[in-house]
Every structure is written in structure tokens, then in C-alpha cells.
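> From the sequence below, what's the structure:
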Amino acid sequence: MLTGKVALVTGSTSGIGLALARAYAAQGADVAINGLGDPADIERERQAIERDFKVRAHYAAADMTKPAEIASMVAEVETSFGRLDILVNNAGVQFVSPIEDFPIEKWDQILAINLSAAFHAIRAAVPGMKARKWGRILNTASAHALVASPFKSAYVAAKHGIAGLTKTVALETATFGVTVNAICPGYVWTPLVEKQIPETMAARNLTREQVINDVLLHAQPTKAFVTVEEVAALAVFLASDSAKSITGALLPIDGGWTAQ
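Numbers count the residues shown, from 1 in each chain. Predicted coordinates for the structure are as follows:
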């Protein structure tokens, strides 16, 4: 149980992030969610967390491309709840294109949201965790933190960067009761993955069915999408005291993809 703990999950208004926020709330943690979307929908999700799990839930509207807003978000959570125990860097975007056509602004955006945002959040959260001698930092990486795929230069570069950031901060915080790990999912059926389908159809001149079966699930020996519930269960375990000796780890949950 995580009663008395406070978790901040970025990119948590839908998909994996929302599943993680709800999983932590189900274990008794107060949660702060962050992300894009219709304000009414976000408020509905925030209220649902409070109603379903009888915890406090807060929405932080930080723009994950802006370092000052990220630092302010961490400070806001610490002020509102009195502490921040669990930080999940989950916000992410994707774009699929051959390297020679890859828009420079898309490269900059993906590196900012998928990699630099995690650095800024960790930098702001670590002092409080060190002072309290307890903390859990979890980075949502990807199988693409371990292997590459064509047409995803920015995303793969960012996720490989997250792998290095995870290991480095784990070493820096190892004697302070703080663990830092990365979950590396394969293809999870989320809005982010669904959005890739038409882009990949265009990039590879394939049908929707071909993209799903021959591209997305081709790499996963199980031939099935990972579920958000499976990812959330791993995230809850990594936040528990039972996982206190797991740090600096890159943990695949990918249906066997990176075993190949």
C-alpha cells in the first residue's frame, strides 16, 4: 500500500499515464495528474480518481516543453500535498518519418517532451526525496530505449537518452533511499500508438491491417498488445518497499520483443 505517499505522473490525462495514476490512487496514494486534453474531460478524470479511490487528486497544467513550468509543477505538488514521493516521467509524443524528411521542429519537440522534460522534473524533485530519504522515480521509456526501428529517429534517440538518464540518476541517489528505474513497454494500445497508424501507413505505403500485424505486432512474439493494466501493475511494484533494491534498471514489458 502507498497510503500517505504522493505521486506525480506526467502525461496522465489518458493512456498509460492515466492508468498509472489510477493504479497509485488505488494503493492509497494522493496523485497529481498532468497532460493535454479537453478541460472538462480532465476534470472528469480528476474527480473520478477522488471518487473511486477516496484520495486527493490534483491537476497540474504544466507545458512539458517549458522547463520553468515543469519546475513550478513539482513545487506546486510539494506545496499542495506537503511532499512528492513518486515521480513518473510519462509524457511523450511520437512522429514517424524518413530521416531526410524529418521536420526539424518535430525533432526538437520530441526531444523536449520525451527526454528533456524528464531531466527538468527529476532535477526539481530529487532534493525533497533526498531530504526525506525515500523516493521513487520511474521513467516510461520504451522497447525503443533498447532497440531501434526505422523512421523513428527522434523517438528512438530520446528513449535511448532516457535509458542513460535513468542509470545516471540511480547512481547519484542510491544511498538516499531513492530508486530510479525505466519501464520499457512494447506496443501498448493507447491513443499514441493509434495515432502512429496513419503516419506509418503513409511512410511505408501499407494498409491499416498491415501496419498493425506486420509492423506494430511483428516485433512482439506474443502477437498481442501490452495492456495499460500490465504496465500499471509493474509501476506499482516498483514504487513498493519490496522493490527498494531495484534501481538503475531498464525493465522490458514487451511480449518478448527485445529478447530477439
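> Would you mind measuring the gap between the ends of stretch 145-153?
12 Å (Cα to Cα, to the nearest Å).
> ok, and what's touching it?
With Cβ atoms under 8 Å, 6 or more residues apart in numbering as the test, stretch 145-153 has contacts from 94, 96-99, 102, 107, 144, 156, 159-160, 162-163, 182, 184, 200, 203-204, 219, 250, 252, 257-258. Where C-beta positions appear, they are placed from N, C-alpha and C, glycine not excepted.
> Name the nearest residue to Thr247, ignoring sequence neighbours.
Nearest non-adjacent residue to Thr247, counting by Cβ to Cβ, 6 or more residues apart in numbering: Thr179, 4.0 Å away.
> List the neighbouring strands of whatever helix or strand the one you found lives in plus their orientation.
According to DSSP states H and E, Thr179 maps onto strand 178-185. In the sheet, strand 178-185 lines up against strand 135-140 (parallel), strand 250-253 (parallel) (DSSP bridges).
> Comparing the ones you listed, which comes out most buried?
Per-stretch averages of neighbours, counted by mean count of other Cβ atoms under 10 Å, single out strand 135-140 among these, with a mean of 26.
> export that strand as PDB, just CAs?
What follows is strand 135-140, C-alpha atoms only, in PDB (Å, rounded to 0.1, in the frame of the first residue of the first chain):
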ATOM      1  CA  GLY A 135      11.700   8.400  -3.300                       C
ATOM      2  CA  ARG A 136      10.700   6.500  -6.400                       C
ATOM      3  CA  ILE A 137      11.400   7.900  -9.900                       C
ATOM      4  CA  LEU A 138      10.000   6.000 -12.800                       C
ATOM      5  CA  ASN A 139      10.600   6.800 -16.400                       C
ATOM      6  CA  THR A 140       8.300   5.500 -19.000                       C
END
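> In the next helix-or-strand element following it, which residues are buried?
On the C-terminal side of strand 135-140, the closest following helix or strand by DSSP H and E is helix 153-173. By 16 or more other Cβ atoms under 10 Å, the buried positions in helix 153-173 come out as 153-163, 165-167, 169-170, 173.
> least trustworthy helix or strand in the chain by mean pLDDT?
helix 191-204 (a mean of 84; mean pLDDT, DSSP states H and E).
> OK, contacts around the most centrally placed residue in the chain?
Residue closest to the average C-alpha location in the chain (Cα atoms, centre = their mean): Asn90, at 1.9 Å. Neighbour list for Asn90: Val9, Thr10, Gly11, Ser12, Ile16, Gly17, Leu20, Thr140 [criterion: Cβ under 8 Å, 6+ apart].
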